[in-house]
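Q: Show me the folded form of this:
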Amino acid sequence: MLDKVEAADVTGLMAELGQRARAATRVLATAPASTKNAALTGMASAIRAAAPDILAANAQDLEAMRANGQTAAFLDRGTLTDERIEAIAAALEDIAKLEDPVGSVIASWPRPNGLQIDRVRTPLGVIGVIYESRPNVTADAGALCLKAGNAVILRGGSDTINSNRAIHAALQKGLEAAGLPKDAIQIVPVADRAAVGEMLKGLSGNLDVIVPRGGKSLVARVQTEARVPVFAHLEGLVHIFIDKAADATKAKEIVFNSKLRRTGICGALETLLVDETIADKLLPDVLEVLQKGGCEIRGDELTQRLGKDVVAATEADWTTEYLDKILSVKVVSGLKEAMDRIAQYSSCHTDCIVTEDEAAAETFLNEVDSAIVLHNASTQFADGGEFGMGAEIGIATGRMHARGPVGVEQLTSFKYQVRGTGQTRS
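A: Numbering: from 1, shown residues only. Coordinates of the predicted model:
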């Protein structure tokens, strides 16, 4: 299909995708776990078999991204390798191994009149996923939605459109082999941005929830314009606080990994806070190891005095998600000031404390109101796969329905099943 079509055609195309997805939900809602799992394992096999085609498609995308002057972080997010393709296939198999949430009883209780009431998990329905440069999202989102009994409409970014299509073709082979409708996982076949607008309108009631995964401008648009519920985070302004009781070796390793393992992910460290009582002794070593890794440091006055080649931080730096080898650093008076700054600047995504003081750790864990709060661990563990969820469809920082990694359970709702023996109400 052409990448650009008339607006009227986009409207009709998207309406058709919505109708087909809604029809697929009637099959998926009652599909046995064994059938869904067979589809997922079939998808994994198809991904592995299609690896050469997927890599060839990805090479086309990367060539176009380089020609368009995309950043190193953006290129990293869009790059596929043999190892990353294997990780995609393995994630599909991990999702197949998860407990099927659909039909599970969340709560059950009898009433004095003899009624038996069960609260039972059900699929959400049709989920729209709008994402940018990560082609692995095509497989992760498709698989998670399927496991939870939902149909999904995927709208990937134009930068990785060829990679997304190649992965999607493998997913559909898995669906067909298991006897499930191909419309269970659909991909928007055009790059026209009008398609996003149609999804935000809800596809005439056929879209039940939207999950945006991408940059700040994309997520902000979705949150502002969507007429259906949204699971999203606007950005990952991730903090680590090194407490006065921190182990120096742990602190250096955790900070280095949190910032530089992969700079382009939403769990990457963006602001480091250090207790003033240990700053003289600890901070120079931490800064040195980061700079040896190629990281630019932007710091307050004390950080500039303690480190070499530290750029003066501006107010904008405390509110910037760099997604690059840049880190903001500030020395603070202690735990309270650290938590106050996190409350002021954090995006409520992921924040961490490094300390051997259990009381300080518990205070931080209980009082910092972020979706994910860590003690003595890299912020790069902010990931559904690392939480044992198989994979995630995104990290939700809102407070309604889903928060943190959105896995299969978060992609369900519930209904009440009431069983009686002929009771009537007086």
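Q: Now do the buried residues in stretch 287-300.
A: Within stretch 287-300, the residues scored as buried using 16 or more other Cβ atoms under 10 Å are 287, 290-291, 295, 297-300. Every residue, glycine included, has its C-beta placed from N, CA and C.
Q: Now do stretch 306-318: everything it contacts.
A: With contacts defined as Cβ atoms under 8 Å, 6 or more residues apart in numbering, stretch 306-318 is touched by 271, 279-280, 283-284, 287-288, 291, 296-301, 303-304, 328-331, 341, 345.
Q: average model confidence for it?
A: Confidence over stretch 306-318, taken as the mean pLDDT, stands at 97.
Q: what do you get for stretch 92-104?
A: 94.
Q: quick one: that stretch to chain centroid distance?
A: For stretch 92-104, the gap between its own C-alpha mean and the chain's C-alpha mean amounts to 18 Å (Cα atoms, centre = their mean, to the nearest Å).
Q: End to end on it, go ahead and measure it.
A: Stretch 92-104 has an end-to-end distance of 22 Å (Cα to Cα, to the nearest Å).
Q: One more: stretch 268-279?
A: First residue to last in stretch 268-279 (Cα to Cα) measures 22 Å.
Q: circling back to that earlier point, filter the contacts of stretch 306-318 down to the ones in helices?
A: Secondary structure from DSSP state H places 279-280, 283-284, 287-288, 291, 301, 303-304, 341, 345 of the contacts of stretch 306-318 in helices.
Q: which one of these is nearest Trp109?
A: Trp109 lies nearest to Tyr345 out of the ones in helices among the contacts of stretch 306-318, by Cβ to Cβ, at 44.0 Å.
Q: Out of the buried residues of stretch 287-300, which is nearest to Gly125?
A: Cys295 (43.8 Å).
Q: Which residue, other than its chain neighbours, is closest to the closest one?
A: Of all residues not flanking Cys295 in the chain, Lys325 sits nearest, at 4.6 Å (Cβ to Cβ, 6 or more residues apart in numbering).
Q: hang on, that neighbour packs against Gln291?
A: No: assessed by Cβ atoms under 8 Å, Lys325 is found out of contact with Gln291, at 9.7 Å.
Q: my read: Asp247 touches Leu282, true?
A: No: contact between Asp247 and Leu282 fails when scored by Cβ under 8 Å: they sit 10.0 Å apart.
Q: These two - which one has more neighbours?
A: Neighbours of Asp247 and Leu282, each counted by other Cβ atoms under 10 Å, are more numerous for Leu282; the result is 19 against 14.
Q: can you tell me how far the more buried one sits from Val418?
A: Going from Leu282 to Val418 by Cβ to Cβ, to the nearest Å gives 60 Å.
Q: And Gly103, by the same measure?
A: Taking Cβ to Cβ, one finds Gly103 at 16 Å from Val418.
Q: now swap in Val188 and tell me
A: From Val188 to Val418 the distance is 40 Å (Cβ to Cβ).
Q: who has more neighbours, these two?
A: Val188 (23 against 11).
Q: ok, the more buried one to Val10 distance?
A: Distance from Val188 to Val10, by Cβ to Cβ: 9 Å.
Q: which neighbours do those two share?
A: Ala195.
Q: in the helix or strand bottoming out on mean pLDDT in the chain, what's buried?
A: Sorted by mean pLDDT, DSSP states H and E, the helices and strands of the chain end with helix 72-78, the least confident at a mean of 86. Residues of helix 72-78 classed as buried: 73-78 (neighbour count, 16+ other Cβ under 10 Å).
Q: will you turn the residues you listed into JSON lines that also has distance to Asp118?
A: Below are those laid out as JSON lines (distance: Cβ to Cβ, whole Å):
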{"residue": "Ala73", "distance to Asp118": "47"}
{"residue": "Phe74", "distance to Asp118": "47"}
{"residue": "Leu75", "distance to Asp118": "50"}
{"residue": "Asp76", "distance to Asp118": "47"}
{"residue": "Arg77", "distance to Asp118": "43"}
{"residue": "Gly78", "distance to Asp118": "45"}
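Q: which one of the ones in helices among the contacts of stretch 306-318 is nearest Leu146?
A: Tyr345 (37.7 Å).
Q: check contacts around the closest one.
A: Tyr345 neighbours (Cβ under 8 Å, 6+ apart): 237, 239, 271, 318-319.
Q: So which of these are in strands?
A: Among the contacts of Tyr345, the members found in strands (DSSP state E) are 239, 271.
Q: Tell me which two in the contacts of Tyr345 are the farthest apart.
A: Using Cβ to Cβ for every pair in those, the one that comes out farthest apart is His239 and Thr319, at 11.9 Å.
Q: what about the chain, any weak spots by pLDDT?
A: 1-8, 390 (pLDDT under 70).
Q: then the strand or helix carrying Ser108 to PDB, C-alphas only?
A: Using DSSP states H and E, Ser108 maps to strand 105-110. In PDB, the C-alpha atoms belonging to strand 105-110 read as follows (Å, rounded to 0.1, in the frame of the first residue of the first chain):
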ATOM      1  CA  VAL A 105     -10.900 -14.800  39.700                       C
ATOM      2  CA  ILE A 106      -9.500 -11.700  41.400                       C
ATOM      3  CA  ALA A 107     -11.900 -11.800  44.300                       C
ATOM      4  CA  SER A 108     -14.900 -14.000  45.400                       C
ATOM      5  CA  TRP A 109     -17.400 -13.700  48.100                       C
ATOM      6  CA  PRO A 110     -20.900 -15.000  49.100                       C
END
